[in-house]
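Student: for reference, the sequence and a predicted model appear below.
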Amino acid sequence: MASYLYDLIARRAPSADKVFLETPEGRKLTYGDLASGSARFAQALAKLGVVAGDRVAVQVEKSPEAILLYLACLRAGAVFLPLNTAYTPAEIDYFLGDAKPRVFVCDPASRDKLAAVAEKAGAHIETLGVKEEGSLLDLARQQAGTFTDVERGKDDLAAILYTSGTTGRSKGAMLSHDNLASNALTLVDYWRFTKDDVLIHALPIYHTHGLFVAMNTLLLAGGSMFFLPKLDAELIMKLMPRATSMMGVPTFYTRLLQHAGLTKDATKHMRLFVSGSAPLLAETHREWRDRTGHAILERYGMTETNMNTSNPYDGDRVAGTVGFPLPGVSARVTDPDTGAALPRGEIGMIEVKGPNVFKGYWQMPEKTKAEFRDDGFFITGDLGKIDEKGYVHIVGRGKDLVITGGFNVYPIEVETEIDGMPGVVESAVVGLPHADFGEGVTAVVVPQKGAKLDEKEIIAALEQRLAKFKLPKRVLFVDELPRNTMGKVQKAALRQTYESLYK
Ligand code: AMP
């Protein structure tokens, strides 16, 4: 019996005594520990009644045991369902009610406030903490370190990840064993991961980036990881001489750039820096290259599709682009209204197809149907273009497009102009309700410390560079932009904060 993705991981695993992860406290987990530990957790899940296809929902802090639990779910035939640690009991209530998991695993400290929502959803509640504690770990410890894996094939579900849901209810993206396996195998090759790699892992593990892009790729390469609870620039600087690679969101790079120790010498042991989950400013790309000599490799993906495109390993990593469609992935740009393919260079809806693309939204057949074309392409919701060299450019989420007086304004075009002005750290452009124009283009700008920026001067400078309809009607100044844990600017939050600006 074999569980497709776990079997692939096990077959590619290096020797049992090779270290898979090391924590800042010096805890080490070898590949042998992964096999025996995940077997114990799989036994524990089976004891709790988990059978093939059951969901196991997990809201726990990042720990080595959480990885064992993920692998155990694969082996027990369960569907792993990680939940953002920031979700409140009211939100958890929705997820458990929607997914109806057999087991819900939470932090020991949250058990009391979550017991009732688990019970309401018919889920058995267990705990797992960061200090090698919790009821599920206790149960796992009593089990044998071997397990006969439950048979799961390529098309069976391995995980459900809820999307961040900035509009409406969050949707559960169903990911099969092959969705995850095929994408991770592609990334191992494309980014040249081997058993000699040591990845700095400081991302959360409830999101596709830290869980699948980072973890599955390193597991299938037989490599190792420094496993950090969160972004810690000081610690990352210390680890770089012993590491080979890092995957991060853009915030990782901007934070590290503020560190005086970031030099060519400090990064000379590293071979690869990958960025994704949110747009990397071209400025950050340039500064990073100047300081370290490394060109950050930017890639593009989403919960529903895993990774779609990547800048090349060899060849030009072009700032402001997300590179080429990965091998086996097809990408095209279409007219958002008609779905007709657009010529190269024109901006439209990015659509993708390939073994990486999910199986649909959990119990939302209508929603799933609406987001796929008849020929199987998934409508990503991201607007962009493919240039003459084949590089994909993202200009933003479709819902962030500003329509003012009937004209389309792509926020990134205005943001890029503002970001290039002296004294500006970054900016976000949103459309706010406006009686005359439908939406008024509005720029929210973060000035550099001590810089004296003036609304009128910014608009006057933009007048030289942009068509009149693209000019912001107002420029607002803030200390920082609202971001989620993956570094994405929360434009919906900005629209909400300033919704009455033109009223
Ligand atoms: P998530 O499902 O949370 O991973 O969010 C996916 C979304 O993040 C995509 O649909 C894009 O809008 C955005 N995204 C991911 N990577 C990039 C990137 N490199 N540049 C710009 N946007 C990105």
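Tutor: Right, received. Where do you want to start? Because the structure is a prediction, the values reported are computed rather than measured. Numbers count the residues shown, from 1 in each chain.
Student: and the protein, which residues reach the ligand?
Tutor: 163-164, 208, 276-279, 298, 300-303, 322, 380, 382, 394, 397, 486 (C-beta under 6 Å from any ligand atom). The C-beta positions use only the backbone N, C-alpha and C, and glycine is treated the same way.
Student: try 8 Å this time
Tutor: Residues of the chain found near the ligand (C-beta under 8 Å from any ligand atom) are 161, 163-164, 173, 207-209, 275-280, 298-304, 322, 380-382, 394, 396-397, 486, 488.
Student: now, which of those residues lie within helices?
Tutor: Thr208 (DSSP state H).
Student: may I see the buried residues of stretch 258-275?
Tutor: The neighbour-count check on stretch 258-275 (16 or more other C-beta atoms under 10 Å) flags Leu262, Ala266, Thr267, Met270, Arg271, Leu272, Phe273, Val274, Ser275 as buried.
Student: now the second one: phi and psi?
Tutor: With angles defined as degrees, to the nearest 10, Ala266 sits at phi -60, psi -20.
Student: so Val429 sits against Val441, correct?
Tutor: Yes - Val429 lies in contact with Val441 (C-beta atoms under 8 Å); the separation is 6.3 Å.
Student: joint contacts of those two?
Tutor: Shared contacts of Val429 and Val441 (C-beta atoms under 8 Å, 6 or more residues apart in numbering): Val402, Val409, Val414, Pro472.
Student: report all helices and strands that the helix or strand of the chain with the lowest mean pLDDT contacts.
Tutor: When the helices and strands of the chain are compared on mean pLDDT, DSSP states H and E, strand 407-409 comes out lowest with a mean of 85. If you count contacts as 3 or more C-beta pairs under 8 Å, 6 or more residues apart in numbering; DSSP states H and E, strand 407-409 packs onto strand 402-404.
Student: off-centre distance for the strand it packs on?
Tutor: Centroid separation between strand 402-404 and its chain, computed with C-alpha atoms, centre = their mean, to the nearest Å, is 28 Å.
Student: so what touches it?
Tutor: 408-411, 429-431, 434, 437-441, 469.
Student: list only buried entries from the residues you listed.
Tutor: Val409, Tyr410, Pro411, Val429, Val430, Gly431, His434, Phe437, Glu439, Gly440, Val441.
Student: for Gly134, give its distance to Gly248.
Tutor: Going from Gly134 to Gly248 by C-beta to C-beta, to the nearest Å gives 29 Å.
Student: whoops, Val429 was the one
Tutor: If you go by C-beta to C-beta, the gap between Val429 and Gly248 works out to 25 Å.
Student: who's in contact with the closest residue to Leu342 other than its chain neighbours?
Tutor: Spatial nearest neighbour of Leu342, chain neighbours left out: Gly348 (4.5 Å); criterion: C-beta to C-beta, 6 or more residues apart in numbering. Shown in contact with Gly348 (C-beta under 8 Å, 6+ apart): Val333, Thr334, Asp335, Pro336, Leu342, Leu383, Gly384, Lys385.
Student: the fifth one: how many residues sit nearby?
Tutor: Looking back up the chat, that one is Leu342. Leu342 has 17 neighbours, counted by other C-beta atoms under 10 Å.
Student: repeat for the fourth one
Tutor: Close neighbours of Pro336, defined as other C-beta under 10 Å, add up to 16.
Student: so what's it closest to, chain neighbours aside?
Tutor: Nearest non-adjacent residue to Pro336 (C-beta to C-beta, 6+ apart): Met349, at 4.4 Å.
Student: helix, strand or coil for the one you found?
Tutor: Following DSSP: H, G, I helix; E, B strand; the rest coil, we place Met349 in the strand state.
Student: list the buried residues for stretch 493-503?
Tutor: In stretch 493-503, counting by 16+ other C-beta under 10 Å, buried: Leu494, Arg495, Thr497, Tyr498, Tyr502.
Student: now swap in stretch 374-389 and tell me
Tutor: For stretch 374-389, burial by neighbour count (16+ other C-beta under 10 Å) applies to Phe377, Phe378, Ile379, Thr380, Gly381, Asp382, Leu383, Gly384, Lys385, Ile386.
Student: for the fourth one, give me its contacts.
Tutor: What that stands for is Thr380. The contact partners of Thr380, taken as C-beta under 8 Å, 6+ apart, are Met302, Glu304, Thr305, Asn308, Met349, Ile350, Glu351, Val352.
Student: in JSON lines: those residues, plus neighbour count, distance to Arg317 and pLDDT.
Tutor: Formatted as JSON lines, the contacts of Thr380 follow (neighbours: other C-beta atoms under 10 Å; distance: C-beta to C-beta, whole Å; pLDDT from 0 to 100):
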{"residue": "Met302", "neighbour count": "21", "distance to Arg317": "20", "pLDDT": "96"}
{"residue": "Glu304", "neighbour count": "26", "distance to Arg317": "25", "pLDDT": "97"}
{"residue": "Thr305", "neighbour count": "22", "distance to Arg317": "21", "pLDDT": "98"}
{"residue": "Asn308", "neighbour count": "29", "distance to Arg317": "16", "pLDDT": "98"}
{"residue": "Met349", "neighbour count": "20", "distance to Arg317": "25", "pLDDT": "97"}
{"residue": "Ile350", "neighbour count": "28", "distance to Arg317": "20", "pLDDT": "98"}
{"residue": "Glu351", "neighbour count": "24", "distance to Arg317": "24", "pLDDT": "98"}
{"residue": "Val352", "neighbour count": "27", "distance to Arg317": "21", "pLDDT": "98"}
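Student: of those residues, closest to the ligand?
Tutor: Closest to the ligand out of the contacts of Thr380 is Met302 (3.4 Å), distances taken as C-beta to the nearest ligand atom.
Student: distance of the closest one relative to His207?
Tutor: Met302 is 11 Å from His207, by C-beta to C-beta.
Student: again, but for Lys452
Tutor: Going from Lys452 to His207 by C-beta to C-beta gives 38 Å.
Student: who has more neighbours, the two?
Tutor: Ranked by neighbour count (other C-beta under 10 Å), Lys452 and His207 place His207 first, with 21 against 7.
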